[in-house]
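1. mind folding the following:
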Amino acid sequence: MMRILRKFLIATGLGAGLGLVALAGFFPVLRGAICPGCYGLEQVAPGVYVEASMPPAARAALLAQLGASRAQIAAFYGPPKAHLRILACETRHCDRRLGGRGAAAVTYSLGPVSVVRLAPRGLSQTILTHELAHTETHARLGVTGQIRGRLPTWMDEGLSVLISDDPRYLGPGTGTARCLRTPRADLPSSAFDWAPLAARETWLYAEAACAVLHWADAHGGLAALRTRLESGARFP
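-> Take a look at the predicted model:
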């Protein structure tokens, strides 16, 4: 019995290892997270790497934005649970080497482990907060919850808009009064459907945020969303 169990664990470990190698080969940003120096990145704080050419003033500004972003997220989620690396590019060349194709920022995560890639135009507190909100949401979903799609992508994106208080997609006021766009009935539930549509229709983020506000209004507020997320319940 122990021999069978040992073989199973070895096979599982090899499968996971090969999977990680395949993912790293497909996503340059994951290779960058494993070997930042190989992509011209330098560490400026624990888990934070920037392009070597980034001047001191820009590095200091990024770290200040990061501190403010973490405070925003802690106000909603409490103590952080995500384990992440942030890769920040100052130039388009750096961003392209890490697999950037025009997005201001992208989060790659599996449960509590995340890598955040920031393009030059993603070096802002709002965008950084949006991405870090994803890392904390996914940490609370866990690997199984994320793989099984327990939280629809539109809720994931809409919640990040709300936590980051993004003025591009939210109006003033409170609750559903902040809605700038009425959400469509068929908001994308999977990341595969969300990504191409959001690239063409940036107002999709405003619709998703409004849909989350309506959900919160009907279920006892955003605190209820957080509680349900951490309890393991499905959405919506």
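2. can you tell me the helix or strand for the residue lying closest to residue 124 once chain neighbours are set aside?
-> Using CB to CB, 6 or more residues apart in numbering and skipping the chain neighbours, the partner closest in space to residue 124 is residue 65 (6.9 Å). C-beta coordinates here come from the backbone N, C-alpha and C atoms, glycine included. Using DSSP states H and E, residue 65 sits in helix 56-77.
3. and what of residue 108?
-> Here residue 108 is assigned to strand 105-110, by DSSP H and E.
4. what residues are up against the most centrally placed residue in the chain?
-> Centrality entry for the chain: nearest residue to the mean C-alpha point is residue 134, 3.3 Å, by CA atoms, centre = their mean. Contact analysis of residue 134 by CB atoms under 8 Å, 6 or more residues apart in numbering lists 107, 109, 114, 156, 160.
5. same thing with residue 70?
-> Contacts for residue 70 (CB under 8 Å, 6+ apart) come out as 80, 132.
6. returning to what we had before: specify the local secondary structure of the residue nearest to the centre of the chain.
-> Secondary structure state of residue 134, per DSSP: H, G, I helix; E, B strand; the rest coil, is helix.
7. identify the residues contacting the strand holding residue 108?
-> Strand 105-110 is contacted from outside by 27, 29-30, 82, 84, 100, 114-119, 122, 127-128, 130-131, 134-135, 138-139, 143, 146, using CB under 8 Å, 6+ apart.
8. in this protein, where is pLDDT below threshold?
-> The chain contains residues with pLDDT under 70 at 1-26.
9. so where do the helices sit in it?
-> Using DSSP state H, the helices found in the chain span residues 2-26, 28-34, 56-77, 92-97, 125-147, 153-164, 191-200, 204-219, 222-231.
10. just the ones you listed: most buried one?
-> Highest mean neighbour count among those (mean count of other CB atoms under 10 Å): helix 153-164, with a mean of 24.
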